[in-house]
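Enquirer: Any chance you can model this:
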Amino acid sequence: MIIYIFDRLDTPFFIVSYPELRFFFSNRAGCGLFFNHFSGGEISGDGLTGKTFDEVFAQSDAAAALREVLERAGRGKKTARLEELCVGAGQGEERIFQVVCFPLPGDFGKESVDYIAGYATDITRQLEAAEQERLLSGVKETLEEKESLLSVLNVLPFAVVFSSMDGTVRYVNDSFFWLTGYERKDILGLSRDQAEKMLLGKNCGGEKSAPGSSPVDANPERDTFIISKFNQCKPVELYRIPLVKMGRVDGTVTVIREKTAEPELARLTAALRGVLDGVLAAVVITDGDQNIRACSKSCLEIFELEEGEIIGRPLDAVTGLLKAQIKVLSSRMINGIMFATRAQASITTRSQKCKTILINSTPLFSSRGEFNGMVLVGSDMTSFLEKQEKLFENERLAVIGQLTSSIAHEIKNPLTVISGFAEVTKSKILKISGNESLKESMLYYQQEIIDNSRNMNRLIVDLLHLARPKKSERVNINLLSTLDKICNTIAPYALQRNVTLIKNLMAADLEMAVDPVQIGQVLMNLCNNAIQAMADGGTLSITAQRGDGCLIIQVSDDGCGIKPEDLNKLGTPFFTTKAEGTGLGLSVTYSIIREYGGRVEVESEVGKGSTFKVYLPLGEQQ
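Expert: As a prediction, this is how the structure comes out:
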């Protein structure tokens, strides 16, 4: 029956033996969608059964990645995940799958892993949609950056002229008018010869300008003269800077500064400071020695640093301060130097927040082609990536829900029959007289059947709750009374495990609209986990307090604690650190509390214990 159910699922599902990696089963979706794309041929379920991994798949990076996640699940005896597996490359249709593999234990009582099950989710369209959204966002940011750049150019105290590769004037800033008297309409679209005739004409001394002395062809820092629209002769300095695009010169920027005018460095610095304070991105400007010379206000906010910690320091020192792990996404050869033009950095801020920053960098060159520094623009992608991860997690939970609800319904009915017959058999045994020793043994076995059936039933209930959460039936109750009853229920189990129970719940003496069964399930799950974490006994503390508009129920133990790398996995279905655990208790707990608009926070230290805080919004009940 179960094989029939798996074969009807739309999600590719397969089982292999471990450690041989010999295929035991694959449903139709697995053969038709996943494996056929993977191998490039037509494979049926019967064609896979009994074959080893190497017999089915040729050597490739994708095959190696799939083998690695299977072996990781077998070696670690826990769920292993492959975020992106690209299959079908070079076959006309490339698809990307997310693969989750989990071990299936062998015979009862064995700790070894005999089989590994796995399922694959097609995330091709999700990634395409995310890439489209990123591209659209990039276009929007580019347009906004262009507007910001034009604003900067228009407040500069010297004239700036942009020319295309063929010498046609394409842009002049506002200072060009104040210096020359010519408006944009007078010069835009003019050729090189026309611009020379307009601006240079004859030198003020009566001599013609030498060839190559035009703004476009002027040597760096060359002294010359221009004639304004009002026939004023002005001594100027010309600077020529090549425009580099895609690794080649695409035009020229010419800077014209009047020699008699003050450099106005303070004004330029103030204008640049105003622009940097206005942009939302993290902008960093370095010099040729890679020392940071300026940064935006948003940069300080994103990195949680003070200006004195950045300005004047080497770029490497700041990345080290942020514990940055940088992955280069694209690089380009510019003026004979290879630059990383796009990169992704994972940083840790002073408040221990982990952030992902997408960095676009542009090199700066002098008019002689010498490297003068870099402009780095960083965008905080943390929120976007978290939403993307949540989308993938929802897809995975949907698959799990489909699997669990199908299996649970098929198991629940025969389990009820087994439990019922065991109860009836037990009642009949009690009525039998004689041979007390045999009677006692039979009663023991019947009770074992009943107890294990109940445990299985509780597991199935958790699976169904995770797949299709039951709508809460809230009533106004005194929460203190409900929590006291739960503590009284857990007390015998704590005493049996040599655990001292301490409670202080007076802050919960209020009326709240809750489902008492759900609240009981939450507290029971947390208390059971806490008691099981104290293998040699200890202290279990259950307290309540009010703060931040919430009732905070706190469950603390002094047990083994939780590893830092496992804290973010808490609440994930089927994740557990206990040998006998299912990984469903905390998943159900988190799901229930989210339904109430609350949250669960965890503090833990290995060897010292853990504290779970459940925040329940009070609303008008304060």
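
Enquirer: what pairs with the residue nearest to residue 325 when sequence neighbours are not counted across the strands?
Expert: Spatial nearest neighbour of residue 325, excluding adjacent residues (C-beta to C-beta, 6 or more residues apart in numbering): residue 346 at 4.6 Å. C-beta: built from backbone N, CA, C; applies to glycine. Per DSSP bridges, the residues bridged to residue 346 are residue 325, residue 356.

Enquirer: Residue 346: what's it in contact with?
Expert: 324-325, 354-357 (C-beta atoms under 8 Å, 6 or more residues apart in numbering).

Enquirer: just the buried members of those residues?
Expert: Buried subset of those (neighbour count, 16 or more other C-beta atoms under 10 Å): 324, 355-357.

Enquirer: now, which of these sits nearest residue 550?
Expert: For those, the closest approach to residue 550 (C-beta to C-beta) belongs to residue 355, at 27.0 Å.

Enquirer: Now for the closest residue to the closest one other than its chain neighbours: which residues touch it?
Expert: Leaving aside its chain neighbours, residue 355 sits nearest to residue 382 (4.6 Å; criterion: C-beta to C-beta, 6+ apart). When contacts are counted by C-beta under 8 Å, 6+ apart, residue 382 is found next to 354-356.

Enquirer: sorry, back to before: make TSV from the contacts of residue 346 and add pLDDT and distance to residue 563 to it.
Expert: As requested, the contacts of residue 346 are arranged in TSV below (pLDDT from 0 to 100; distance: C-beta to C-beta, whole Å):
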residue	pLDDT	distance to residue 563
324	86	24
325	88	20
354	85	17
355	87	22
356	89	23
357	90	27
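
Enquirer: need the residues you listed in JSON lines with distance to residue 65, can you?
Expert: Listed next are the contacts of residue 346 as JSON lines, based on distance: C-beta to C-beta, whole Å:
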{"residue": "324", "distance to residue 65": "27"}
{"residue": "325", "distance to residue 65": "21"}
{"residue": "354", "distance to residue 65": "25"}
{"residue": "355", "distance to residue 65": "28"}
{"residue": "356", "distance to residue 65": "23"}
{"residue": "357", "distance to residue 65": "27"}
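
Enquirer: Pick out whichever of those residues sits closest to residue 224.
Expert: Using C-beta to C-beta, the contacts of residue 346 come closest to residue 224 at residue 357, 44.6 Å.

Enquirer: I'd like to know which of the buried ones among the contacts of residue 346 is nearest to residue 506.
Expert: For the buried ones among the contacts of residue 346, the nearest to residue 506 is residue 355 (40.8 Å; C-beta to C-beta).

Enquirer: Quick check: that closest one touching residue 378?
Expert: No - counting by C-beta atoms under 8 Å, no contact exists between residue 355 and residue 378, whose distance comes to 9.7 Å.

Enquirer: what's the overlap in contacts for the two?
Expert: residue 302.

Enquirer: residues in contact with stretch 241-261?
Expert: By C-beta under 8 Å, 6+ apart, the list of residues contacting stretch 241-261 reads 157-165, 170, 176, 179-180, 215-216, 218, 223, 226, 234-240, 263, 332-335, 363, 365-367, 369.

Enquirer: Give me the buried entries from these.
Expert: Buried members of the contacts of stretch 241-261, scored by 16+ other C-beta under 10 Å, are 157-163, 176, 179-180, 215-216, 218, 226, 234, 236-240, 334, 363, 365, 367.

Enquirer: Mind checking which of those land in strands?
Expert: Residues of the buried ones among the contacts of stretch 241-261 located in strands (DSSP state E): 159-163, 226, 234, 236-240, 334, 363, 365.

Enquirer: and the two most separated of those residues?
Expert: 234 and 334 (34.6 Å).

Enquirer: Residue 358 contacts residue 384, correct?
Expert: No - if you go by C-beta under 8 Å, residue 358 and residue 384 don't touch, sitting 9.1 Å apart.

Enquirer: more crowded one of those two?
Expert: For residue 358 and residue 384, the more surrounded residue by other C-beta atoms under 10 Å is residue 358, and the numbers stand at 19 against 16.

Enquirer: How much space separates that one from residue 414?
Expert: 54 Å (C-beta to C-beta, to the nearest Å).

Enquirer: Check residue 426 too.
Expert: For residue 426, the distance to residue 414 - C-beta to C-beta - is 19 Å.

Enquirer: These two: which is more packed in?
Expert: residue 426 (16 against 10).

Enquirer: Please identify the helix or strand for the more buried one.
Expert: helix 382-431 (DSSP states H and E).

Enquirer: pLDDT (mean, whole number) over that helix?
Expert: Here helix 382-431 scores 71 as its mean pLDDT.

Enquirer: repeat for stretch 11-23
Expert: The model assigns stretch 11-23 a mean pLDDT of 86.

Enquirer: and what of stretch 50-66?
Expert: Stretch 50-66 comes out at a mean pLDDT of 80.

Enquirer: same check, this time on stretch 500-511
Expert: On average, stretch 500-511 scores 89.

Enquirer: which secondary structure element contains residue 85?
Expert: Residue 85 belongs to strand 80-87, assigned by DSSP H and E.

Enquirer: my bad, residue 490
Expert: Residue 490 belongs to helix 479-496, assigned by DSSP H and E.

Enquirer: Buried residues, the following helix or strand past that helix. List them.
Expert: The helix or strand immediately downstream of helix 479-496 is strand 499-504, counting by DSSP H and E. Residues of strand 499-504 classed as buried: 499, 501, 503 (neighbour count, 16+ other C-beta under 10 Å).

Enquirer: give me the beta-bridge partners of the second one?
Expert: Per DSSP bridges, residues listed as beta-bridge partners of residue 501: residue 540.

Enquirer: Closest one to residue 125 out of the ones in strands among the buried ones among the contacts of stretch 241-261, please.
Expert: Nearest to residue 125 out of those is residue 334 (C-beta to C-beta; 35.9 Å).

Enquirer: right, and the closest one touches residue 364 too?
Expert: No - with contact defined as C-beta under 8 Å, residue 334 and residue 364 do not form a contacting pair (10.6 Å).

Enquirer: So, low pLDDT: which residues of the stretch 251-400 of the chain?
Expert: Applying pLDDT under 70 to the stretch 251-400 of the chain flags residues 260-269, 271, 367-368, 393-400.

Enquirer: got the residue ranges for the strands in the stretch 251-400 of the chain?
Expert: Applying DSSP state E, counting those that start in this stretch to the stretch 251-400 of the chain gives strands spanning 282-287, 292-295, 325-334, 337-348, 354-365, 371-380.

Enquirer: Just want the angle from the fourth one to strand 371-380.
Expert: Read that as strand 337-348. 40 degrees (axes from the mean of the first three to the mean of the last three C-alpha atoms, to 10 degrees).

Enquirer: got the CA coordinates for strand 337-348 in CSV?
Expert: Extracted C-alpha coordinates of strand 337-348, given in CSV (Å, rounded to 0.1, in the frame of the first residue of the first chain):
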residue,chain,number,x,y,z
ILE,A,337,44.8,44.3,-14.4
MET,A,338,42.3,41.7,-13.3
PHE,A,339,39.6,43.2,-11.1
ALA,A,340,36.8,41.4,-9.1
THR,A,341,33.9,43.5,-10.3
ARG,A,342,31.2,41.6,-8.5
ALA,A,343,31.4,39.7,-5.2
GLN,A,344,29.3,38.4,-2.4
ALA,A,345,30.5,38.9,1.2
SER,A,346,29.3,37.3,4.4
ILE,A,347,30.0,39.5,7.4
THR,A,348,29.5,39.5,11.1
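
Enquirer: So what angle separates the directions of it and strand 354-365?
Expert: Using the same axes, to 10 degrees: strand 337-348 against strand 354-365 is 160 degrees.

Enquirer: Strand 325-334 and strand 337-348, what's the angle between them?
Expert: Angle of strand 337-348 versus strand 325-334, following the same axes, to 10 degrees, is 160 degrees.

Enquirer: Pull out the buried positions in strand 337-348.
Expert: The neighbour-count check on strand 337-348 (16+ other C-beta under 10 Å) flags 339, 341, 343-345, 347 as buried.

Enquirer: May I see the domains of this structure written out as residue ranges?
Expert: Listed domain ranges for the chain are 2-122, 156-263, 267-380, 385-467, 475-621 (source: automatic domain parsing).
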